[in-house]
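Visitor: Just to be clear, the model below is a prediction. Sequence and coordinates:
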Amino acid sequence: MADSQLSAAPRVPHVPPTTPPPPHPMANPGYGKRAASGQLPRTGRDFAHLPPREASIAAYIDRLPEGADISVKTLAKVLPYGQCALRTALNRLQDAGHLRRGSECVANDEVLLWVTRTFFSRTARDDAWWAAFTRGDVPPERPHRPTRSRAFTLLAALGRTAPSLTLSAADCAALEPQVGAWFERGATEAELLHALTAGLPTPVHHAPSLIGRRLTDKMPPERVTPPQQRTVLRTLECGECRSPGSAEALIGGRCRPCRGEPAAVPAGPRGAVPANGVHERMNDVRAGLARRPVRPRAR
């Protein structure tokens, strides 16, 4: 009787383990997404200026690795949007300066191959920046300065090489600009250590003064290194009709006809016949040749 009054233990429903989503498909080698250079660090408000749908798609693309397939068909398989909605969203990302489509020449030891790529920038860029990117003229971003510079670290560790040159934190901060000037001129750490530690007097009465004097007297000359010329072969194409064109002609990523503007009439040399007047000009030439009298041959 007592056993019948006991309540049965509650049954915990079986929850099947969740399987992680499959990785995003990658494009063929050499194709797919390419991150533009000079992007700012990722924050939570990188795409706050975009509509919610475009912001979510941009955030998803931003986290994809290099070479990921971000075509409309592939994105429609992994995102809750159809192909038409994704095509519209990608065009809006293009208008906002986050995306450009184009081709780039990839060279190896055997061939030159033009591959189709989609360039994505977390940081919105204007048309002038994309034009410079196409030419390869975008200046590299300055690296963030670490908490302790290379010069400060070398000075702080100087006492390990020469105990008589042990410096305090204040001494390292005071001498840091001088050591930084050496590095700006192309000096290596080994050259600096040799200049500061070779032929030390015995004893060293005041290490900061000695180091400061040697840094001034032994300052190396500026080393002029020829700039490395890098040829960039890269083109962009219209986001609507996919016609290739220069970055200056693709305002907002679209060509002139797709922007609703009349096509530019090609300017020929001075005196050139316009395209719509070629047939009339040829008829006039033929008529002039037909009326030309034939001279009799001299006997």
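Guide: Looks like it arrived, so ask away. Numbering: from 1, shown residues only.
Visitor: List the buried residues of stretch 45-65.
Guide: 46-47, 50, 53-58, 61-62, 64 (16 or more other CB atoms under 10 Å). (C-beta placed from N, C-alpha, C; glycine too.)
Visitor: got the CA coordinates for stretch 61-71 in CSV?
Guide: Coordinates of each C-alpha in stretch 61-71 appear next as CSV, following Å, rounded to 0.1, in the frame of the first residue of the first chain:
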residue,chain,number,x,y,z
ILE,A,61,29.8,37.9,-45.0
ASP,A,62,32.3,39.8,-42.8
ARG,A,63,33.0,36.7,-40.7
LEU,A,64,33.5,34.4,-43.6
PRO,A,65,37.1,33.4,-44.4
GLU,A,66,39.0,34.4,-47.5
GLY,A,67,37.8,32.5,-50.6
ALA,A,68,34.3,31.8,-49.3
ASP,A,69,31.6,31.4,-51.9
ILE,A,70,29.3,34.4,-51.5
SER,A,71,27.4,34.1,-54.7
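Visitor: Mind listing residues that contact it?
Guide: Stretch 61-71 is contacted by residues 24-27, 29-35, 42, 46-47, 118, 120, 122 when judged by CB atoms under 8 Å, 6 or more residues apart in numbering.
Visitor: Just the buried residues from these, in ChimeraX please.
Guide: To isolate the buried subset of the contacts of stretch 61-71 in ChimeraX, counting by 16+ other CB under 10 Å, use the following:
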select :24,26,27,31,32,33,34,46,47,118,120,122
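Visitor: Between the buried residues of stretch 45-65, which sits nearest Gly159?
Guide: Asp46 (44.9 Å; CB to CB).
Visitor: Now the closest one: closest residue in space that isn't a chain neighbour?
Guide: Nearest non-adjacent residue to Asp46, counting by CB to CB, 6 or more residues apart in numbering: Arg122, 5.4 Å away.
Visitor: try Glu240
Guide: Nearest one to Glu240, counting by CB to CB, 6+ apart, is Cys258 at 4.0 Å.
Visitor: Same check on Ala48?
Guide: Ala55 (7.0 Å).
Visitor: element containing that neighbour, please.
Guide: helix 52-62 (DSSP states H and E).
Visitor: what does Gly212 give?
Guide: helix 207-217.
Visitor: centre of the chain versus that helix, how much separation?
Guide: Offset of helix 207-217 from its chain centre (CA atoms, centre = their mean, to the nearest Å): 43 Å.
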